[in-house]
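Chemist: Please find the sequence and the predicted model below.
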Amino acid sequence: MRQSQLFTKTRREAPKDEVAKNAQLLIRAGYVYKEMAGVYAYLPLGFRVLEKIKNIVREEMNAVGGQEMIMTGLQNPDVWKKTDRWDDEKVDVWFKSELKSGGEVGFGWSHEEPITEMMKQYLSSYRDLPQYVYQFQTKLRNELRAKSGIMRGREFVMKDMYSYTTDEEAHKKIYGSVIDAYIRVFDRVGLGDRTFLTFASGGAFTKFSHEFQTISDVGEDTIYVHDAKKVAVNKEVYDEPVVYEELGVKKEELREVKAIEVGNIFDFAGIKSEQLGLYYKNEAGEEMPVHLGSYGLGITRLMGVLVEIFADDKGLVWPEAVAPFRVHLVQLGTEDEVKTEAEELYRELTGNGVEVLFDDRDVRAGEKFADSDLIGIPQRVVVSQKTLTEGKFECVDRQSGTTSHKSLSELISYLTHA
RNA sequence: CGGGGCGUCGUAUACCGGUAGUACGCUUGCUUUGGGAGCAAGAUGACCCAGUUCGAUUCUGGGCGCCCCGACCA
């Protein structure tokens, strides 16, 4: 993409009321636009990052047998009444509205009820099971207080998967597979070494749930990590001896850190199915509740976490797997030779499947470099008289700052194989 | 929801009970071109409502919005 055609612009300063690093940088670099408190639009650059993250998650969910679909944003109150979660006293994040034709609707803050209700149409025999379905949905939550930029908004994108299985045993199998899939997701986006499978409170349904917590000072949670075993315990269940039995670790071996929840997986067992009436017939013809598991992963929050963890004092630094582009091609100067070479390189790279943001604007070098640093694309390739005289291009790694001079063929092989 | 803070061109930031200034951005022109350029000329602003006052962007009250701390976050 040509930067001269990108409608967003970078800014020198962040709006004064944005304090969160993720919001400051994402707004300054033109990735997001704040519509209102806790509600952000994702502009072309931000959209590309989201899509990169989603595609990684999508691949991993498909790999464990997930079937992608999409539920509705508007929800039927009747479904939630069956599980006693329509009442504002029970769920305090509801957005609700009235239909002009009469009656109420809810705005989806979660989807396990509607999906399970829907599944009654399709699951009736053990032969229909197991099924794993997932979606990327915009969740709407009437949070009392939005905060931390895109980390905790009233509107955010989440991947939620649901597993429908015959029994505990089948459930455990997929549950374990999803844990592995999540670990791969966090590895792939570059957070593997600081993201921990964490024991947490199970709420009303089970004794424990599992969270995926990424160590970060901006986190809202306190967890206790066991580095060798790569597991952790959330403070909320820290004192329960059962945890240590399950984990097989000693309390003294843990260290306390701040962390942010990026995923949460949950075992509903048969409870929700019983409430909603989702039963199947087993081989003996007996009616059994379908065993439900729920697997959330915050897509937009993950993007915020990546900003918080990798950004430096010059701006964003994207891990390659989620960067909006692979290469920031920067043309310096407007001489014919430079222009021709830059255009040629742009064609060559895109022709070889490399995603390129081409800064073809007629602005000064300092501004281009500053913008390039701020936008945070992994590789910067500079085309200028300075290196053209030796037939080379300057290549700068955003994260390390390492600079090298490469010929066209070296550059293409470097960018297409690395 | 409890507590605190803040609303001035697009952004940031001054000042003031009496013509609202600066920087960046934007428009036009010339120069400049490897780390957010220079000169010149422009365009653009007081969140809303009420009160006090000869006069309110400024003071008072209410509303709305935004941020932070806490609570909340199956």
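Modeler: Noted; the coordinates are in hand.

Chemist: Next one, pLDDT for A:Ala204 please.
Modeler: A:Ala204 carries a pLDDT value of 59.

Chemist: next one: A:Leu332
Modeler: You'll see A:Leu332 listed with a pLDDT of 95.

Chemist: show me what contacts the closest residue to it other than its chain neighbours?
Modeler: Once flanking residues are discounted, A:Leu332 sits nearest to A:Ser384: 3.8 Å by CB to CB, 6 or more residues apart in numbering. Quick note: C-beta positions are derived from backbone N, CA and C, even for glycine. Contact analysis of A:Ser384 by CB atoms under 8 Å, 6 or more residues apart in numbering lists A:Gln331, A:Leu332, A:Gly333, A:Val338, A:Glu394.

Chemist: The third one: what's it in contact with?
Modeler: By CB under 8 Å, 6+ apart, A:Gly333 lies in contact with A:Ser384, A:Gln385.

Chemist: cool, and the one 5 residues further on?
Modeler: Under the criterion of CB under 8 Å, 6+ apart, the contact partners of A:Val338 comprise A:Gln331, A:Leu332, A:Val383, A:Ser384, A:Gln385, A:Leu388.

Chemist: if I look at it, how far off is A:Val382?
Modeler: To A:Val382, A:Val338 is 10 Å away according to CB to CB, to the nearest Å.

Chemist: can you check A:Glu274 too?
Modeler: In terms of CB to CB, A:Glu274 sits 63 Å off from A:Val382.

Chemist: follow-up on the earlier one: hmm, which of the contacts of A:Val338 are the buried ones?
Modeler: A:Gln331, A:Leu332, A:Val383, A:Ser384, A:Leu388 (16 or more other CB atoms under 10 Å).

Chemist: follow-up on the earlier one: and which of the contacts of A:Val338 is nearest RNA strand B?
Modeler: Relative to RNA strand B, the closest of the contacts of A:Val338 is A:Ser384; by CB to the nearest atom of the strand it sits at 3.0 Å.

Chemist: Beyond the helix or strand hosting A:Gly304, next helix or strand please.
Modeler: In the assignment (DSSP states H and E), A:Gly304 maps to helix A:299-310. Remark: after helix A:299-310, the chain's next helix or strand is strand A:327-331, criterion DSSP H and E.

Chemist: Can you show me the helices along the stretch 1-150 of chain A?
Modeler: Secondary structure of the stretch 1-150 of chain A (DSSP state H, counting those that start in this stretch): helices at A:21-28, A:44-63, A:77-82, A:112-119.

Chemist: and the contacts of A:Val338 near RNA strand B, which?
Modeler: When contact is defined as CB under 7 Å from any atom of the strand, the contacts of A:Val338 meet RNA strand B at A:Leu332, A:Ser384, A:Gln385.

Chemist: okay, the residue nearest to A:Leu332: pLDDT?
Modeler: 95.

Chemist: distance of it from A:Ala342?
Modeler: Distance from A:Ser384 to A:Ala342, by CB to CB: 9 Å.
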